[in-house]
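Fold the following and give me the result.
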Amino acid sequence: MWIERARELYECAIYAGDDTVPSTADRELDAVEAELSLARGRILHLRFLTGEEADPRELPLFERATRLFRELGDRRGEGESSFWEGCYHQLVNGDLDTALPLFERAAELAAQAGDQATLAEVLRHQGIAAHRTGRLDEAREKLTESSRLRREFGLPAGVASNQVGLIRIATAQGRHDEARALADEARALADSCGATRIAAHVEEARATIPT
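This is a model prediction of the structure:
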């Protein structure tokens, strides 16, 4: 569709003499490039999560998307790509010092744009960071809020995924009955939407709860 749109703009300029076309075309193509860069980066990140070596193209794709979205004034897009930059630094590089400010920026932009999906992702990854550094109360707060947002826009697999972390936090804090209840709900949610990988993670977390 966007290729045909670019052709139409070209013809409009050539035949009708519309001198505003180049600027319009640049913006529209930049928007397409930003979305494509973000999508390609996400797929490379998925490959990393499923066991492949980190691809050196991943971070530049996210950075390119962020720059283009910023230039376009697209806060939703900039927030999403900023989150993915942070995700790269957190999970691939193990660099929280770089990741956390990117998450903060992503949360700010997502809130401004009303992008609950990105905000829920940011909260999840902030919770993961807090959990791994021993800040259990903060981790619980972030994961709980992420789950609330995911429930609102209908992502049961995402809620179940967050609850894996909440099960482990509750277990670490000695709230074993709560951990078991979370495990039961998380398993039901995962089963309801065919999230078999999440269901397996739930059972791994359940196995850590003292009997």
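
quick one, helices of this structure?
Secondary structure of the chain (DSSP state H): helices located at 2-16, 21-49, 58-72, 75-87, 96-113, 116-132, 136-152, 156-172, 176-192, 196-206.

The fourth one packs against which elements?
Under the contact criterion of 3 or more Cβ pairs under 8 Å, 6 or more residues apart in numbering; DSSP states H and E, helix 75-87 touches helix 21-49, helix 58-72, helix 96-113, helix 116-132. Using the backbone N, CA and C atoms, a C-beta is placed for each residue, glycine as well.

Show me the residue at the heart of this protein, geometrically.
Centroid-nearest residue in the chain, with Cα atoms, centre = their mean: Glu121, separated by 4.4 Å.

pretty sure that one is touching Ser81, no?
No: the criterion here is Cβ atoms under 8 Å, and Glu121 misses it with Ser81 at 11.9 Å.

nearest residue to Glu185 other than its sequence neighbours?
In space, Glu185 comes closest to Gln163 once its chain neighbours are excluded; the distance is 6.7 Å by Cβ to Cβ, 6 or more residues apart in numbering.

I'd say the one you found and Ala188 touch.
No: using Cβ under 8 Å, Gln163 and Ala188 do not qualify as a contacting pair, with a distance of 10.4 Å.

More neighbours: these two, which one.
For Gln163 versus Ala188, the count of surrounding residues by other Cβ atoms under 10 Å is larger for Gln163: 28 against 13.

The more buried one: what's it in contact with?
Neighbouring residues of Gln163 by Cβ atoms under 8 Å, 6 or more residues apart in numbering: 143, 147, 182-183, 185-186, 189, 202.

Could you dump those into CSV and include neighbour count, distance to Ala111 and pLDDT?
Below are the contacts of Gln163 laid out as CSV (neighbours: other Cβ atoms under 10 Å; distance: Cβ to Cβ, whole Å; pLDDT from 0 to 100):
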residue, neighbour count, distance to Ala111, pLDDT
Leu143, 25, 18, 98
Ser147, 25, 17, 98
Leu182, 26, 27, 98
Ala183, 24, 31, 98
Glu185, 16, 28, 98
Ala186, 29, 27, 98
Leu189, 23, 26, 97
Val202, 26, 30, 98
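
so what's Gly127 closest to, chain neighbours aside?
Lys142 (3.3 Å).

and if you look at Leu109?
In space, Leu109 is closest to Gly79, 3.1 Å off (Cβ to Cβ, 6+ apart).

Tell me the pLDDT of that neighbour.
What the model reports as pLDDT for Gly79 is 98.

The one 10 residues further on too?
Model confidence at His89, given as pLDDT, is 98.

One more: Leu9?
Taking Leu9 on its own, its pLDDT is 56.
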